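Undergrad: give me coordinates for this.
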Amino acid sequence: MTKTKNQKKRKVPHRSKRLPRGSHGGIELLLIQSVEHLGRQGDVVDVRPGYANNYLLPQGLATIATGHHKRMVEKHRAQLEAIERARLADLHAFAATLGRQSITIEANANDEGHLYGSVGAAEIVNALKRNNIHIAQDQVRLAGPLKELGLYTVKIHVGHEIDGEIKVWVVPSVSEDDSKN
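TA: Residues are numbered from 1 along each chain as shown. As a prediction, this is how the structure comes out:
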């Protein structure tokens, strides 16, 4: 195919600047917010390019670690630490609130106390929602599903290595036939 006078060469979009490489060959980023298993707010981290381009940068969790950004973080380090301490205090208070919670979950069981099904994280989250406590299912730390009637202590991961505990009572469900007798 030949070019005519009126056809222009198409420009291919490209990045004007490459992301700075860290000492380990990854992308060097400054965390705007704390990211679990990566670092705290204000830390300079070295991550893989895909993680930076597809998650941290689009979500607004990190920015490119330029000299200017690093100086700004150092300047406001005390203020950032105060904010982080307040957030950790809130998480500890929430964990203490969870420690005072006791929930009851009804389940079908046989005469020996073995459940026909099991009680898992979804049932615990729904019971907590009825008490106006909203957590995600992945925050519930169960060793395995609860398969017998009884009292269990369940860990709830609040964040940043802070766990709370709640008491979960698994009781037999009351059928209509039992309540009439």
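Undergrad: what are the ranges of the strands in the protein?
TA: In the chain, the strands defined using DSSP state E lie at 27-31, 44-47, 62-64, 102-107, 114-119, 140-141, 146-148, 150-159, 162-172.
Undergrad: okay, domains of the chain per the record?
TA: The chain breaks down by automatic domain parsing into domains covering 27-75, 93-180.
Undergrad: list phi and psi for the spatially closest residue to Gln33 that is not a sequence neighbour.
TA: In this structure, Gln33 finds its nearest non-sequential neighbour in Leu61, 5.1 Å apart by CB to CB, 6 or more residues apart in numbering. For the C-beta atoms, the positions are set from N, CA and C on the backbone; glycine is no exception. Dihedral angles of Leu61 (phi, psi; degrees, to the nearest 10) stand at phi -90, psi -20.
Undergrad: ok, Leu61 - contacts?
TA: 31-33, 35, 55 (CB atoms under 8 Å, 6 or more residues apart in numbering).
Undergrad: let's have the domains of the chain in a markdown table, adding mean pLDDT.
TA: Formatted as a markdown table, the domains of the chain follow (pLDDT from 0 to 100):
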| stretch | mean pLDDT |
| --- | --- |
| domain 27-75 | 86 |
| domain 93-180 | 87 |
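Undergrad: turn those into CSV, columns for distance to Glu84.
TA: Output for those, formatted as CSV (distance: least, CB to CB, whole Å):
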stretch, distance to Glu84
domain 27-75, 6
domain 93-180, 9
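Undergrad: of the ones you listed, which approaches Ala82 most closely?
TA: Smallest distance to Ala82 across the domains of the chain (CB to CB): 11.5 Å, for domain 27-75.
Undergrad: end-to-end on the closest one?
TA: For domain 27-75, the first-to-last residue distance is 23 Å (CA to CA, to the nearest Å).
Undergrad: what sits up against the biggest helix by length in the chain?
TA: Assignment by DSSP state H gives helix 77-99 as the longest helix of the chain. Applying CB under 8 Å, 6+ apart, the contact partners of helix 77-99 are 34, 40-42, 73, 133, 156, 158-160, 162-166.
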